[in-house]
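**Q** any chance you could fold what I've pasted below:
(4 chains)
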There are 2 protein chains.
Amino acid sequence: MFLLGYLGSSVKALAFEAFERAGANLHDLGILALLDEGATDTQAAIADALEIDRGQLVGVLDDLEDQGLIERHRDPKDRRRHMVSLTAAGRRRLEKLRSVLQQIEDEVLEPLDAKGRSTLRSLLLQLGQHEATDTTVRAG
Amino acid sequence: MFLLGYLGSSVKALAFEAFERAGANLHDLGILALLDEGATDTQAAIADALEIDRGQLVGVLDDLEDQGLIERHRDPKDRRRHMVSLTAAGRRRLEKLRSVLQQIEDEVLEPLDAKGRSTLRSLLLQLGQHEATDTTVRAG
DNA sequence: CCCCTGTCGTTGAAAGATCCGACGATGGTA
DNA sequence: TACCATCGTCGGATCTTTCAACGACAGGGG
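**A** Next comes the predicted model:
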């Protein structure tokens, strides 16, 4: 437990450092990945999905837009909304961040063999699913 | 990986909430547990062991001292030092925090049977040991 | 049509945590 | 004695997160 929390923090710190070296924010991966899955989203949808403050999201999106990784367009159907979409550069950045993350994963999982890794993945997945349904129940 | 980081954050958030309800800081457990292991420590030793800022530690210890959980005494051998020790109330508080943590652990591990839990523990332990030696190497 | 209510993205203020550079007191050393 | 390092403490600077506004806009009821 402490172990899970400790390792989680440790991994998160590793990711934070690596992302900083890559000139990226920790939120960036979530946003880019989210946009990569479903074509376009509103800022509210992104904030809700990633559970970050809408006011906070503005600055992060400003950065991403300045770097040319995303685009913001007014929704003609509802001119209050901004539809956020991924640019080609954004897709490339996403791939890079994913490879950075993969590298950290390999590093962290290094002491385990293939079997151990798949076992760990399966166990964590069970915990993750339970945790997800758990919070859903709480929210409902 | 994301999974490990995500679960770690989730568990940490659960612990934070539970600790807040118990009127405790997240650092408190670390400090109390550290004092429980080795009789008494200086503030510098505590800060180094827990990897928190020495200036930050002052306020946390002030709180703990106000609650009567720890005591600060000048070291007669080196009057710059403050020797921090656990009181009886501190020991009781530590036990309570540990039980709170145990409860969270049970909750999180609920979807796994005894065998799955011990397997997970073993796998995480391997990762933790590797991570520990890794950072030691970096520090050295 | 005009109001009223709510949501959108945005801004700025407030609060908390962390980091960092001082300071006086003290210890060790030359 | 003089000099330098370390102790705990304090205060400021910075960053993050939270929250309450604001103008712009949409939808509905009168």
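
**Q** show me what from chain A comes close to chain B.
**A** For chain A, the contact set with chain B under C-beta under 8 Å from any C-beta of the partner chain comprises A:1-12, A:15, A:101-102, A:104-105, A:108-112, A:116, A:119-121, A:123-131. For the C-beta atoms, the positions are set from N, CA and C on the backbone; glycine is no exception.

**Q** can you rerun that using 7 Å?
**A** Selection of chain A residues close to chain B by C-beta under 7 Å from any C-beta of the partner chain yields A:1-12, A:15, A:101, A:104-105, A:108, A:110-112, A:116, A:119-120, A:123-128, A:130-131.

**Q** residue contacts, the residue lying closest to A:His73 once chain neighbours are set aside?
**A** Once flanking residues are discounted, A:His73 sits nearest to A:Met83: 5.1 Å by C-beta to C-beta, 6 or more residues apart in numbering or on different chains. For A:Met83, the contacting residues are A:40, A:42, A:73, A:75, by C-beta atoms under 7 Å, 6 or more residues apart in numbering or on different chains.

**Q** only alpha carbons, please: show the helix or strand encompassing A:His73 as CSV.
**A** Element membership for A:His73 (DSSP states H and E) is strand A:70-75. Written as CSV, here are the backbone C-alpha positions of strand A:70-75 (Å, rounded to 0.1, in the frame of the first residue of the first chain):
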residue,chain,number,x,y,z
ILE,A,70,-3.5,21.9,-31.0
GLU,A,71,-6.0,24.2,-32.6
ARG,A,72,-9.0,26.0,-31.1
HIS,A,73,-12.0,26.8,-33.2
ARG,A,74,-15.4,28.3,-32.2
ASP,A,75,-18.2,25.8,-32.6
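
**Q** packing partners for that strand?
**A** If you count contacts as 3 or more C-beta pairs under 7 Å, 6 or more residues apart in numbering or on different chains; DSSP states H and E, strand A:70-75 packs onto helix A:54-66, strand A:78-86.

**Q** anything in it near DNA strand D?
**A** No: Strand A:70-75 lies out of reach of DNA strand D by C-beta under 7 Å from any atom of the strand, never closer than 8.1 Å.

**Q** what is the mean pLDDT for that strand?
**A** For strand A:70-75, mean pLDDT is 96.

**Q** go on, stretch A:110-130?
**A** pLDDT averaged over stretch A:110-130 gives 89.

**Q** how about the helices in chain A?
**A** A:2-21, A:26-37, A:43-50, A:54-66, A:88-108, A:114-139 (DSSP state H).

**Q** would you turn the ones you listed into TSV with mean neighbour count and distance to B:Gly59?
**A** Shown next, in TSV, are the helices of chain A (neighbours: other C-beta atoms under 10 Å in any protein chain shown; distance: least, C-beta to C-beta, whole Å):
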stretch	mean neighbour count	distance to B:Gly59
helix A:2-21	18	21
helix A:26-37	18	27
helix A:43-50	16	32
helix A:54-66	15	26
helix A:88-108	15	33
helix A:114-139	14	32
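
**Q** give the contact list for the residue at minimal distance from the centre of chain A.
**A** Centroid check for chain A by C-alpha atoms, centre = their mean gives A:Gly30 as the closest residue, at 2.1 Å. Going by C-beta under 7 Å, 6+ apart, A:Gly30 touches A:Leu50.

**Q** so, low pLDDT: which residues of chain A?
**A** Counting by pLDDT under 70, the ranges of chain A that qualify are A:1-3, A:5, A:130-140.

**Q** circling back to that earlier point, and DNA strand D, which of the residues of chain A next to chain B reach it?
**A** With C-beta under 7 Å from any atom of the strand as the criterion, the subset of the residues of chain A next to chain B in contact with DNA strand D is empty.

**Q** measure A:Asp75 to A:Lys96 for me?
**A** For A:Asp75, the distance to A:Lys96 equals 29 Å [C-beta to C-beta, to the nearest Å].

**Q** thanks a lot, catch you later.
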